[in-house]
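Q: Quick one: sequence plus predicted model below, questions after.
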Amino acid sequence: MAFERPDIIRPPSEHASYYLPLTSGCSNNSCTFCNFSFTNLGMRDLADVKREIDAMSLFMHSRMWLPGVDPIVYAILQQWDGRRVFLQDGDALVYPYPKLMEALQYLNVKFPALERIASYATPQDILRRSVDELKALKDQKLGILYMGVESGDDEVLRKIKKNVTHDQMVEAARKVKASGILLSATVILGLGGVAGSERHVTETARILTEMDPDYAGALTLTLVPGTELYKDVERGAFELITPFDSLRELKGLVENASFTNCFFSSMHASNYFAIRGTLPQDKEKILRQLNTLLARKDPRLLRPEYMRGL
């Protein structure tokens, strides 16, 4: 089957990167809340990856186009500053290790001034790699991995079919940190529903403390029509928390998670309110913001539903 270039789904911090697909879909395509659950994992031929890198190089150095290259390549290149590359798709680290190394080496030959390469990575992807393998990837400028943690509560992880446990995610995080690659972890407010909210917050704060990532981002659960979780809500098996309850969960994470030096934010479009700061330094400032919002309970201070997105 021919490889189909995936839509661009990337972390907000990769907005200026070039998006280079190695895979499509996600290897863990079972999560009940996620639009990747509709996808199958696709692997791109390495020769095709190299041809795109050739096209990138020719355009950036000579403003020339290669025939037969997807026009989206040139649309992205028109805006690219040559500094960073983000590997698509949902977990490009699943790409076979020898081919991944060869792709990164080729990218660095063509762009020796490249500053950083980034990728999403499932905990399972990371656990399959040794620390030495991760260090070798870092030597090829793989500088940051984005891991979807979602929750630290094993019961929530089981229900959403994450196929990984709290302790396994902590182990994966420690591997990344031991390699020197930066780690960015995302968690999802509201993923425990009303019934599981308290434990979701407690266990998620605990896993963030144990992982001690360089960056952490909180998203708010946004239902995707057709997913298992969407159907659970429709039939009353899962009760969504309120917008202000999501702020209480956010406050609980900031209060109870301990970090060495972590940039923590809720800047994602799914959230009702955006906070950002370095923890622990900005902890009290962030808590004051959230306490003020929770005391006032004014919906006008929150992002309206129609402006929330994935």
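A: Yep, it's here.

Q: where's I8, which helix or strand?
A: Under the criterion DSSP states H and E, no helix or strand holds I8.

Q: That one reaches Q88, doesn't it?
A: Yes: the criterion here is C-beta atoms under 8 Å, and I8 meets it with Q88 at 7.3 Å. Heads up, the C-betas are built off the backbone N, CA and C, glycines and all.

Q: Mutual contacts of the two, please.
A: Y19 (C-beta atoms under 8 Å, 6 or more residues apart in numbering).

Q: What segments of the stretch 51-200 of the chain are helices?
A: 71-77, 97-110, 123-127, 131-139, 154-159, 166-179, 197-211 (DSSP state H, counting those that start in this stretch).

Q: Pairing partners for the very next helix or strand once past the last one, with directions?
A: The one in question is helix 197-211. Moving toward the C-terminus from helix 197-211, the next helix or strand (DSSP H and E) is strand 215-220. Pairing partners of strand 215-220, with direction, according to DSSP bridges: strand 182-189 (parallel), strand 262-265 (parallel).

Q: among those strands, which is the most enclosed?
A: strand 182-189 (a mean of 24; mean count of other C-beta atoms under 10 Å).

Q: Could you export it as PDB, CA atoms only?
A: Extracted in PDB, the C-alpha atoms of strand 182-189 (Å, rounded to 0.1, in the frame of the first residue of the first chain):
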ATOM      1  CA  LEU A 182      14.700  16.800  26.600                       C
ATOM      2  CA  LEU A 183      11.400  15.300  27.700                       C
ATOM      3  CA  SER A 184       8.000  17.000  27.200                       C
ATOM      4  CA  ALA A 185       5.000  15.300  28.900                       C
ATOM      5  CA  THR A 186       1.400  16.000  28.300                       C
ATOM      6  CA  VAL A 187      -1.500  15.200  30.600                       C
ATOM      7  CA  ILE A 188      -5.200  15.500  30.000                       C
ATOM      8  CA  LEU A 189      -7.500  17.300  32.500                       C
END
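
Q: which residues sit against it?
A: 11, 13, 33, 143-152, 173, 176-177, 204, 208, 211, 213-221, 241, 246, 249-250, 253, 266, 271.

Q: change it to 6 Å
A: 144, 146-150, 173, 176, 204, 211, 213-221, 246, 249-250 (C-beta atoms under 6 Å, 6 or more residues apart in numbering).

Q: Mind checking which of those are buried?
A: 144, 146-150, 173, 176, 204, 211, 213-221, 246, 249-250 (16 or more other C-beta atoms under 10 Å).

Q: any low-confidence regions in the stretch 201-310 of the chain?
A: Flagging of the stretch 201-310 of the chain using pLDDT under 70 yields the residue ranges 310.

Q: Any idea what L189 is bridged to?
A: T220.

Q: how near is it to R296?
A: 19 Å (C-beta to C-beta, to the nearest Å).

Q: what does K285 give?
A: Separation of K285 from R296 (C-beta to C-beta): 17 Å.

Q: And for F259?
A: To R296, F259 is 28 Å away according to C-beta to C-beta.

Q: what about these two, which has more around it?
A: The neighbour count for F259 versus R296, taken as other C-beta atoms under 10 Å, is higher for F259 (19 against 11).

Q: Name the nearest residue to the more buried one, ignoring sequence neighbours.
A: Spatially, and ignoring its direct neighbours in sequence, F259 is nearest to L279 (4.6 Å; C-beta to C-beta, 6 or more residues apart in numbering).

Q: I'd say that neighbour and A257 touch.
A: No: L279 is beyond contact range of A257, at 7.4 Å (criterion: C-beta atoms under 6 Å).

Q: Which one of these two is surrounded by more residues?
A: More crowded of L279 and A257, by other C-beta under 10 Å: A257, with 26 against 19.

Q: Of all the strands paired with strand 215-220, which one comes closest to Q79?
A: Closest to Q79 of those is strand 182-189 (C-beta to C-beta; 22.6 Å).

Q: now that closest one against helix 131-139, angle please.
A: 100 degrees (axes from the mean of the first three to the mean of the last three C-alpha atoms, to 10 degrees).

Q: Now do strand 182-189 against helix 197-211: the angle between them, please.
A: Using the same axes, to 10 degrees, strand 182-189 lies at 180 degrees relative to helix 197-211.
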